[in-house]
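S.K.: give me a model of this one.
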Amino acid sequence: MRNMQTNLFHILSVSKKEFMEIKNSLIKVSGILLLSLLPVGGVGFNQGQNGTFSPERNMLCTLVFAGLFSAIFLKEAITREKRQQTLEILLISKADLSCLIIGKILPVLAVSILFEVIQFSFLYGILIYIGSGMTSLFTIQSLLMMPFIYYSMCIVVLISSIIVNDEKASDVIGVILSFAVGILLLLGVNFLNAFVSWSIFLISCFGISVLNISLTFLCKLILQKSLLFIKL
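M.R.: Numbers count the residues shown, from 1 in each chain. I've put the predicted structure just below:
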């Protein structure tokens, strides 16, 4: 019980720091949101006709933009801490590494969920306005599924940021990997009809949760290795 309270305290402490960073970047965050609405609106008005996949899947892929924001913001936070050399201080603190990982992801995940709701509502409104039948794609299951996918996108960026030392290379690799993971997971659950069937939805959520736990454990192992070098 005591360990649980300690871990929760560490998670909240790290999350509070990240929330303050987001608050200080409110103008930048708002700008990213407005920019992300432009491609979403474009896809909505042409009903997904222009894109790599089928119109239905092109429409759903717009939901990845919110997760991509959180991944980019998390990448910037890690880069900033590397420059200021505060990441090493954080790593050698008494906090469990899993708590540090979750504490860093939760704030950007919360903002990405807010973005998702805004984008979801914006796109849904456009489809109603133009009288499109594609509104049936945007179910409560699709809205609830995205946070699980966003976590995967964030943890992939976190892992790439730790492994790749070169800042520019890390930026490119992190964004590409994050976007690819988001698209693949989204198309995968859509292929399984997880947005229509509640039973498949729950199975898909469990599967992605297992993936996220595994990636978090992998990130923890990588951080432990980094911590060993710091102590040496």
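
S.K.: neighbours around Leu187, how many?
M.R.: As a burial measure, Leu187 scores 15 neighbours (other CB atoms under 10 Å). Every C-beta, even on glycine, is put in place using the N, C-alpha and C of the backbone.

S.K.: with the one 5 residues further on instead?
M.R.: By other CB under 10 Å, the residues close to Leu192 number 15.

S.K.: same check on Met134?
M.R.: 18.

S.K.: wait, it touches Leu127, no?
M.R.: Yes. Met134 lies in contact with Leu127 (CB atoms under 8 Å); the separation is 5.5 Å.

S.K.: list the contacts for Asp166?
M.R.: For Asp166, the contact set (CB atoms under 8 Å, 6 or more residues apart in numbering) is empty.

S.K.: just checking, next helix/strand downstream of the helix or strand of the chain with the lowest mean pLDDT?
M.R.: When each helix and strand of the chain is scored by mean pLDDT, DSSP states H and E, helix 87-91 comes last, with a mean of 53. Using DSSP states H and E, the helix or strand that follows helix 87-91 in sequence is helix 97-129.

S.K.: and the next helix or strand past that following helix?
M.R.: Assigned by DSSP H and E, the successor of helix 97-129 is helix 140-163.

S.K.: and the helix or strand following that next one with helix 140-163, angle?
M.R.: Next helix or strand after helix 140-163 toward the C-terminus (DSSP H and E): helix 167-191. Put simply, helix 167-191 runs at 150 degrees to helix 140-163, going by axes from the mean of the first three to the mean of the last three CA atoms, to 10 degrees.

S.K.: name the SS class of the closest residue to Ile163 other than its chain neighbours, please.
M.R.: Leaving aside its sequence neighbours, Ile163 sits nearest to Ile222 (CB to CB, 6 or more residues apart in numbering; 6.6 Å). The local conformation at Ile222, judged by DSSP: H, G, I helix; E, B strand; the rest coil, is helix.

S.K.: with Phe195 instead?
M.R.: coil.

S.K.: mind listing what it touches?
M.R.: Here Phe195 is in contact with Leu60, Leu137, Thr139, Gln141, Ser142, Met145, Val189, Phe201 (CB under 8 Å, 6+ apart).

S.K.: can you say which of the residues you listed are buried?
M.R.: Leu60, Leu137, Gln141, Ser142, Met145, Val189, Phe201 (16 or more other CB atoms under 10 Å).

S.K.: could you measure the third one against Phe206, distance?
M.R.: Right, Gln141. 14 Å (CB to CB, to the nearest Å).

S.K.: just the second one next, same as before
M.R.: Taking CB to CB as the measure, Leu137 and Phe206 are separated by 23 Å.

S.K.: measure the residue sitting nearest the centre point of the chain to Leu186 for me?
M.R.: By CA atoms, centre = their mean, the mean C-alpha position of the chain lies nearest to Tyr150, the distance being 3.0 Å. Going from Tyr150 to Leu186 by CB to CB gives 10 Å.

S.K.: Ile78 contacts Ile163, correct?
M.R.: No. Assessed by CB under 8 Å, Ile78 is found out of contact with Ile163, at 11.2 Å.
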